[in-house]
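Asker: Got a predicted structure here, sequence first:
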Amino acid sequence: MRHILGMFLILGCFLYSFQSSAKNDAVNIFKISRDVPKSQIVHESGLSSRLTDFNGQFVVAVFWSRTCGPCIKELKDLNAFYKAALKDDIRLILISPKKEWKNALEQRRFLKKFGAPDVEFYTDDKGKLASDFGIFTTPHTVLINEEGQEIGRIKGTAKWADKRVLKYIKSLKKES
């Protein structure tokens, strides 16, 4: 019996250490910035644009899906981050697959229902932009500097309402 309990303890420690290291790998800041794809996205107003159109702004682009539980769970925190980040000229945008929505009003109601009534959103027609970035799971965040270059990514969820996250993003903006 003790042998079995010991094995479970060792297995538990291994899984915990694996999970911890995976979380550390979730943030990837590049040594050399990259060009962003030129695929179009559509703003909630109906206007098409490209991420390159945000030149001069530091952009936090969160790729998400309405069928992704972790994505929905972090919407309220993203709204808090959005409000705080505006003061520091950091633009947060949500990008979701167009096929998930009948129209922008449906998406706006969904965001309001789950605590993100203020966040700006875009849709990605046929997932072209996500595919061009090599993003196939959500949530997935792309960090874009003021020169319109991708400087890093966050895979999975983040504690967006934590002031340390905003402080970290501000430091990335300053460095880039």
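Answerer: Done, it's in.

Asker: Surely residue 90 and residue 171 touch.
Answerer: No. The criterion here is CB atoms under 8 Å, and residue 90 misses it with residue 171 at 11.3 Å. Where you see a C-beta, it was placed from the backbone N, CA and C, and this is true even at glycine.

Asker: Counting neighbours, go ahead and name the busier of these two.
Answerer: Taking neighbours as other CB atoms under 10 Å, residue 90 and residue 171 compare with residue 90 leading, 20 against 10.

Asker: Spatially, what comes nearest to residue 161 if we skip its sequence neighbours?
Answerer: Once flanking residues are discounted, residue 161 sits nearest to residue 77: 3.9 Å by CB to CB, 6 or more residues apart in numbering.

Asker: Can you list the buried residues in the host helix or strand of the one you found?
Answerer: Counting by DSSP states H and E, the element that carries residue 77 is helix 75-86. Using 16 or more other CB atoms under 10 Å as the test for burial, helix 75-86 gives 75, 77-82, 84-85.

Asker: now it: mean pLDDT?
Answerer: Across helix 75-86, the average pLDDT comes to 97.

Asker: before we move on, what about stretch 109-126?
Answerer: The model assigns stretch 109-126 a mean pLDDT of 97.

Asker: same thing with stretch 32-44?
Answerer: The pLDDT scores in stretch 32-44 average 96.

Asker: Looking only at that stretch, what residues are buried by neighbour count?
Answerer: By neighbour count with 16+ other CB under 10 Å, stretch 32-44 contains the buried residues 33, 36-37, 39, 41-42, 44.
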